[in-house]
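# with the sequence up front, the predicted model follows.
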Amino acid sequence: MLNFNEGNELPNRFSGSEKKKTIVHDDKCYMVKFPDPIRQKNAVVSYINNVFSEYIGSQIFESIGVPTQATVLGTYTLNDGREKIVCGCEDFNDRYNRLVEFNNIAISSNGRI
């Protein structure tokens, strides 16, 4: 597993429901996804496994020949000393291609001002 604290953190350019960071590690840029916090008190499920789902899902797609993002599991230690297991998704954007979230496209093209 990579230790993402050893990478260089850039201003974050990724959004979504869970916390993300943009980190360059070994000359590769990653969207580093953190585990979801518990969203409901006293819920039966105490941990949301989005980090593992992202990693395993990508590995399954790759194993059956479906082009997918490169992912790696890693760790990130927060300022308060808690260590989190995170999923690093290698950023496939370049200077000519950008992935734009559908929500941003829909908002910009709905015709309302």
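Okay, I see it.

# grab the nearest non-local neighbour of the spatially most central residue of the chain.
Centroid-nearest residue in the chain: Lys33, 3.1 Å away (criterion: Cα atoms, centre = their mean). Using Cβ to Cβ, 6 or more residues apart in numbering and skipping the chain neighbours, the partner closest in space to Lys33 is Cys87 (4.7 Å). For the C-beta atoms, the positions are set from N, CA and C on the backbone; glycine is no exception.

# one more: Leu99?
Asn93 (6.0 Å).

# picking up where we left off before, return the distance of the residue nearest to the centre of the chain relative to Arg82.
Going from Lys33 to Arg82 by Cβ to Cβ, to the nearest Å gives 16 Å.

# with Lys21 instead?
Counting by Cβ to Cβ, the separation of Lys21 from Arg82 is 15 Å.

# between these two, who's got more neighbours?
Higher neighbour count among Lys21 and Arg82: Lys21, with 19 against 8, using other Cβ atoms under 10 Å.

# against Ile64, how distant is that one?
30 Å.

# quick check: Glu18 touching Met31?
No. When contacts are counted by Cβ atoms under 8 Å, Glu18 is not listed as touching Met31 (11.0 Å).

# need the strands for this structure, in chain order.
2-3, 8-10, 20-25, 28-33, 71-77, 83-90 (DSSP state E).

# would you mind finding the most buried of those strands?
strand 28-33 (a mean of 22; mean count of other Cβ atoms under 10 Å).

# show me what that strand is packed up against.
Applying 3 or more Cβ pairs under 8 Å, 6 or more residues apart in numbering; DSSP states H and E, one finds that strand 28-33 makes contact with strand 20-25, helix 50-63, strand 71-77, strand 83-90.

# what lies in contact with it?
4, 7, 10, 14, 18-24, 50-51, 54, 72, 74, 76, 86-91 (Cβ atoms under 8 Å, 6 or more residues apart in numbering).
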